[in-house]
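Asker: Test case, fold it:
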Amino acid sequence: MKLTKKAAIVLLSVSVLSACSNDKLMEEVEKTKKKNSEKQELQDQNKEELDKKQKEIIESNEKPIEDVIKESEMDKSKVISDGTNVKIKDNYTDENELAIYVGKVLFEFYTFSQSPEDFYQFLKDYGSPRIHEETVKDKDTGVLIFENVQSIYKQQKIQQESYVLSKVMLSKNKKEGYFYRKIKSNKGDEYYITSLVKENGVWKYSEDSPSPPFEVEEEKVLDENKGE
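Answerer: Okay, here's the model as predicted:
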């Protein structure tokens, strides 16, 4: 079939327009791809910067126990605080006051002058949220645990005689604190590191665990058995 001159011109125009449209479409596609690529690259950069900042914040706020131990060994002048004049308060906004009270309670518990029920009440009143969740949630279970702990000490015939406390060392964010307890017993010297946490402006007892030995320049010993 022969095309008329007019039809041929129309087809040619359509072909040209089609080609132009395809070129324009491809151009827009490439532009979109480029924009998406640049956007993704920017998002990746922002995420990397955010992750870096978050890591810096976390690292600046954290103070591992190992670092605290090293610092205490390097700076002996910070080690010993006076544990006399124990102040019993409803809550503590001063970390050293709580440390002195906690040191007394722990000593009394391990020398059996404080009952498991009393120790449970202490944790309920002054324990951190983690302690509440793990230990104080059920009274019967908590008291049974503390009875078993005291029973083990009695079976091993461990007799704590006196103790020494260190000043509280704070993390950089001022929401965690650590102090040391040096216990003199009939089995020799025992060392513990005790942690505190700050919740809504109030310091709470968090944990007590064995620590490496540490040296002191001048010991101020509290002998509870002598009533000092």
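Asker: Quickly list what the closest residue to residue 91 other than its chain neighbours is bridged to.
Answerer: For residue 91, ignoring the flanking residues on the chain, the nearest one in space by C-beta to C-beta, 6 or more residues apart in numbering is residue 202 at 4.6 Å. Using the backbone N, CA and C atoms, a C-beta is placed for each residue, glycine as well. When bridges are called by DSSP bridges, residue 202 pairs up with residue 199.
Asker: correct me, but residue 202 touches residue 94?
Answerer: No. Using C-beta atoms under 8 Å, residue 202 is not in contact with residue 94, being 10.3 Å away.
Asker: Residue 152 looks like it's in a helix, true?
Answerer: Yes. Counting by DSSP: H, G, I helix; E, B strand; the rest coil, residue 152 falls inside a helix.
Asker: Low-confidence bits of the chain, can you list those?
Answerer: 1-85, 215-228 (pLDDT under 70).
Asker: Sketch out the strands for it, chain order is fine.
Answerer: 160-165, 169-170, 176-185, 188-199, 202-210 (DSSP state E).
Asker: Same list (these) but as CSV, adding mean neighbour count and distance to residue 101.
Answerer: Shown next, in CSV, are the strands of the chain (neighbours: other C-beta atoms under 10 Å; distance: least, C-beta to C-beta, whole Å):
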stretch, mean neighbour count, distance to residue 101
strand 160-165, 20, 10
strand 169-170, 18, 17
strand 176-185, 22, 12
strand 188-199, 17, 11
strand 202-210, 17, 9
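Asker: how near is residue 188 to residue 214?
Answerer: 15 Å (C-beta to C-beta, to the nearest Å).
Asker: those helices in this protein, which residues are they?
Answerer: 5-61, 65-74, 95-110, 116-126, 129-134, 139-155 (DSSP state H).
Asker: re earlier: and the residue nearest to residue 91, what does it touch?
Answerer: When the contact criterion is C-beta atoms under 8 Å, 6 or more residues apart in numbering, the partners of residue 202 are 91, 92, 93.
Asker: Closest one to residue 153 out of those, please.
Answerer: Of all those, residue 153 sits closest to residue 92, with 27.1 Å by C-beta to C-beta.
Asker: ok, that closest one - contacts?
Answerer: Going by C-beta under 8 Å, 6+ apart, residue 92 touches 98, 101, 126, 202, 203.
Asker: which two from those end up farthest apart in space?
Answerer: 101 and 202 (13.0 Å).
Asker: Format the contacts of residue 92 as TSV; extra columns: distance to residue 156.
Answerer: Converted to TSV, the contacts of residue 92 look like this (distance: C-beta to C-beta, whole Å):
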residue	distance to residue 156
98	29
101	27
126	27
202	35
203	32
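Asker: ok, those residues vs residue 164, which is closest?
Answerer: The nearest one, if we look at these relative to residue 164 and count by C-beta to C-beta, is residue 101, at 15.5 Å.
Asker: count of residues packed around the residue lying closest to that closest one once chain neighbours are set aside?
Answerer: Excluding the flanking residues, the one nearest residue 101 by C-beta to C-beta, 6+ apart is residue 86, at 5.6 Å. Residues near residue 86, counting by other C-beta atoms under 10 Å, number 13.
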